[in-house]
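S.K.: following is a predicted model, sequence given first.
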Amino acid sequence: MDFNVGDIIFQCDPWVFTVSAEEADNFCHRCLLELAFVADAPSLTSCSGCNFAKYCSKTCQDQDGWEEECGTTHRTFRSLISHQEEIEENQELMDKLLLFYEVLIGDNDSIQPISFNTFVEISGKLQSNAFGIVNDTFLNVGEGVYLGPSIMDHSCDRNATYHFDGPRITVVAIKPILRLQEARNSL
């Protein structure tokens with residue numbers, strides 16, 4: 001399979017994504033519509049459990065499923081690459097992860113403890129595979145993990161680029177690509 005300039009390589013919704021904490025009150029947590037642009041203010045809703053997740057409409061709230069997961073995560077991502085070995089070789093990063101791990105796990109009885117090794121693996125998978133979701137004004141509104149596009153290598157010599165429509169990512173070839181395994185996006 002080869003891709004010519006302009007061909008769509010991937011177009012998909014995220015496997016999982018979140019609105020950035022700084023933008024949590026400004027964007028719909030399902031479609032990423034900027035809430036300031038919602039003409040019918042009474043249609044704005046939020047999660048009844050935590051009041052954190054905001055929605056542009058009851059439809060988005062119903063489709064999101066946040067309330068079933070409010071405060072929990074049931075997703076797994078075993079197939080993602082973690083680069084754990086490289087992380088473990090970086091003592092400064094390991095010190096920061098250990099501090100964060102101790103704060104997160106420390107005295108919190110509501111979190112099921114995981115080993116530090118598993119915490120490093122999960123952190124590596126998120127760091128290595130997440131895409132910053134930007135809107136049409138290039139404002140970073142969240143982070144998402146996209147299983148298909150996550151197989152692309154990162155490179156200064158990219159041959160693909162991506163853009164977002166809400167949380168949906170579209171990856172497009174900007175140079176000829178002979179095989180999917182050769183697709184590279186920017187760092």
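M.R.: All right, it came through fine. For clarity, every value in this text was computed on a predicted model and none was experimentally measured. Numbering: from 1, shown residues only.
S.K.: tell me which helix or strand of this structure sits lowest on mean pLDDT?
M.R.: helix 66-69 (a mean of 61; mean pLDDT, DSSP states H and E).
S.K.: what's downstream of that helix, the next helix or strand?
M.R.: Next helix or strand after helix 66-69 toward the C-terminus (DSSP states H and E): helix 84-89.
S.K.: quick one: mean pLDDT for that following helix?
M.R.: The average pLDDT within helix 84-89 is 88.
S.K.: elements contacting it?
M.R.: helix 91-105, helix 116-129 (3 or more Cβ pairs under 8 Å, 6 or more residues apart in numbering; DSSP states H and E). In short, each C-beta sits where N, CA and C put it, glycine included.
S.K.: out of those, which is closest to Q61?
M.R.: helix 116-129 (25.6 Å; Cβ to Cβ).
S.K.: the helix or strand just after the closest one pairs with which strands?
M.R.: Counting by DSSP H and E, the next helix or strand C-terminal to helix 116-129 is strand 130-134. Strand 130-134 sits in its sheet next to strand 140-145 (antiparallel), going by DSSP bridges.
S.K.: so where's this structure shaky on pLDDT?
M.R.: Applying pLDDT under 70 to the chain flags residues 1, 41-43, 65-80, 107-112, 187.
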